[in-house]
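[1] Provide a 3D model corresponding to the input given below.
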Amino acid sequence: MIENHLHQHRFGDSGWVLGVLGCWGMSCVGSSHQSCSHVPALHSPLSAFSTPTLTSTRWLLNGHPDGVDNPLWHNILTVDSHKQLGFLSRVLFLHGRALKRGSRAASCRLTLNEWNNEIERMCLAVYIMEQMEMAAGHDGKPLFDAETLEKVSKRVTDGFLGYCI
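    Below is the predicted model of the structure:
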């Protein structure tokens, strides 16, 4: 889906980012930034992104790290739509948290290294959540109920996954 928006705007401009975020229906996109719980009203959600991070291809659909020979890890670390949406939610959450602490928008953006680490964490977390959804006991009943899966999903974004299980 993201690739479809690449031709509509210059790569990395604000229209491109809004198109990318809007394509996923993120609540931060729109004329009012006050509806976004991750980014304070004084700052645009676009302030979470920098040119080096947006121009990297690691976070785009089918992006994957170089040098991964193991097919299982290659599959886990390859970006799909669920991983990408979770990643963008996490980036906006981290940026909003830093802004609430009083940091300047430009100084609290993720570095390219942090950006890549976050996408890899999200790829692994989404893989784990998918495995949890499919896990069943010997009787065929799911091992994890919907409430637990919802908690895990929320905790992946806020970074406290270990506390909810």
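[2] point out where this protein drops to low pLDDT.
    Residue ranges of the chain with pLDDT under 70: 1-43, 103, 105-106, 161-165.
[3] rerun at 90
    For the chain, the stretches flagged by pLDDT under 90 are 1-51, 54, 92-109, 151-165.
[4] tell me which stretches of it form helices.
    2-5, 14-23, 51-55, 71-77, 81-100, 112-134, 146-158 (DSSP state H).
[5] check contacts around residue 79.
    Neighbouring residues of residue 79 by C-beta atoms under 8 Å, 6 or more residues apart in numbering: 58-64, 87, 119, 123. C-betas here are computed from N, CA, C, even on glycine.
[6] please pick the buried ones from those residues.
    Buried positions within the contacts of residue 79, assessed by neighbour count (16 or more other C-beta atoms under 10 Å), are 58-59, 63-64, 87, 119, 123.
[7] tell me which two of these sit farthest apart.
    Farthest pair in the buried ones among the contacts of residue 79 (C-beta to C-beta) is 64 and 87. Separation: 13.3 Å.
[8] mind checking how far residue 138 is from residue 145?
    In this structure, residue 138 lies at 17 Å from residue 145, with C-beta to C-beta, to the nearest Å as the measure.
[9] these two: which has the busier surroundings?
    Set side by side, residue 138 and residue 145 show more neighbours around residue 145, with 10 against 5, by other C-beta atoms under 10 Å.
[10] would you mind measuring from that one to residue 132?
    When C-beta to C-beta is the yardstick, residue 145 and residue 132 sit 10 Å from each other.
[11] just residue 140 next, same as before
    Residue 140 sits 16 Å away from residue 132, going by C-beta to C-beta.
[12] cool, and residue 98?
    Going from residue 98 to residue 132 by C-beta to C-beta gives 30 Å.
[13] could you do residue 73 as well?
    Distance check for residue 73 against residue 132: by C-beta to C-beta, it reads 19 Å.
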